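Asks: sequence first, predicted model second:
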Amino acid sequence: MKMDLEVSEPIDFSAGDHQHLIRKAADDNIQAKSNRSYKTSPSLGPQQTHGNPHSKASQRVDTYVVQISEETAPNDSSTVANPFSERSIRRAFMIKVFLLLSVQLVVTGAIISMFLFWMTLKTWVLENAWFTYAILPAFFVVFIVLACCGKLRRQVPANYILLGLFTILQGLLLGTVSVFYKAEEVLWAVAATALVTSSLTLFALQTKWDFTLLNGTLFVLVFILIIYGILLIFIRSYWLHLLYAGLGTVIFSLYLVMDVQLMMGGRHHYYKLDPEEYVFAALNIYLDIINLFLFILQLIGLVR
């Protein structure tokens, strides 16, 4: 059996399109052999019987089209549409994130100011440590719900209610921390955090470096930082505490740049956020700014 194959049109082998071509080729060759056997005449001479019963000009050439190409993986990044490919979607997403973030920071600043300048409240918090320990469980519960329940943080108004509750609890925790510092130190920390945040945000918007590649590395560094902080509970060393505050400032500065690029989409797409995850994006950037503020506050307190 002889088949001449010519490549001219694409065939999807994964869909089984080639099976009918193979069967058709086999059937045509069997039919051609049977036709030749029926057309054989006894009157043919010896020269004709030993030769080819058909001339080359009358030979039937069965031509089939087969194209072999590399299979495209279903998870190929080139085939996945970028959710921020349209500028209008990206712009609307960024506006939502920055509005939510601005409201969170204003509410947090108002709560901290209340703890700083209301002396009666400040004295009460210093005398009643249970208030801080009572806020912590509620804070972590709301945080876990926002971080783990993806469907819930996309539902309106549940996502706004949870984010607002989380912001209030975070502000109360920061207020209980700020009572251990002077008002001047807290204000300097707020100014330094605002300056660093605005500078890093502009850098993240302009740079061509993709900091989203550092996601795994920064997670490991945060885990090491947590262990370092636990050890410092038992080790009283000025320089170790200063080093801890400096490392925390650097790590969460990198986190801030990475989360801003995640919010942007565009060319920074090693990890992607869904356009409906505006609450999650605002939560990430808000936590970066808060942690940055805490480490800068610790640095200022140690230096002064």
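Replies: That came through fine.
Asks: low-confidence stretches in the chain?
Replies: 1-86, 265-274, 304 (pLDDT under 70).
Asks: now with 80, please.
Replies: 1-90, 150, 207, 210, 212, 214-215, 263-277, 304 (pLDDT under 80).
Asks: where do the strands sit along it?
Replies: For the chain, applying DSSP state E gives strands covering 4-6, 63-65.
Asks: domain parsing for the protein?
Replies: Domains of the chain are assigned by automatic domain parsing as 4-65, 87-303.
Asks: can I get those domains in TSV with mean neighbour count?
Replies: For every residue, glycine as well, the C-beta is placed using N, CA and C. Converted to TSV, those look like this (neighbours: other Cβ atoms under 10 Å):
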stretch	mean neighbour count
domain 4-65	11
domain 87-303	16
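Asks: in contact with the nearest residue in space to Gly164 that is not next to it in sequence, which residues?
Replies: Distances taken as Cβ to Cβ, 6 or more residues apart in numbering put Val107 closest to Gly164, at 7.9 Å, once the chain neighbours are dropped. By Cβ atoms under 8 Å, 6 or more residues apart in numbering, the contact set of Val107 is 164, 167-168, 171.
Asks: in helices only, show me the residues you listed.
Replies: Counting by DSSP state H, the contacts of Val107 place 164, 167-168, 171 in helices.
Asks: with respect to Thr249, which of the residues you listed is nearest?
Replies: Thr249 lies nearest to Gly171 out of these, by Cβ to Cβ, at 21.1 Å.
Asks: now do the contacts for the residue nearest to that closest one when sequence neighbours are not counted.
Replies: Leaving aside its chain neighbours, Gly171 sits nearest to Ile111 (3.3 Å; criterion: Cβ to Cβ, 6+ apart). By Cβ under 8 Å, 6+ apart, Ile111 lies in contact with 168, 171-172, 174-175.
Asks: need the residues you listed in JSON lines (columns: distance to Trp118).
Replies: Shown next, in JSON lines, are the contacts of Ile111 (distance: Cβ to Cβ, whole Å):
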{"residue": "Ile168", "distance to Trp118": "17"}
{"residue": "Gly171", "distance to Trp118": "14"}
{"residue": "Leu172", "distance to Trp118": "13"}
{"residue": "Leu174", "distance to Trp118": "15"}
{"residue": "Gly175", "distance to Trp118": "10"}
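Asks: tell me which of those residues is nearest to Glu277?
Replies: Of the contacts of Ile111, the one sitting nearest to Glu277 (Cβ to Cβ) turns out to be Ile168, at 21.8 Å.
Asks: mind checking how far the closest one is from Leu187?
Replies: 22 Å (Cβ to Cβ, to the nearest Å).
Asks: all the helices of the stretch 101-250 of the chain, residue numbers only.
Replies: 119-127, 130-148, 158-178, 183-206, 215-232, 238-264 (DSSP state H, counting those that start in this stretch).
Asks: right, so of these, which gets closest to Arg90?
Replies: Across the helices of the stretch 101-250 of the chain, Arg90 has its closest neighbour in helix 238-264 (7.2 Å, Cβ to Cβ).
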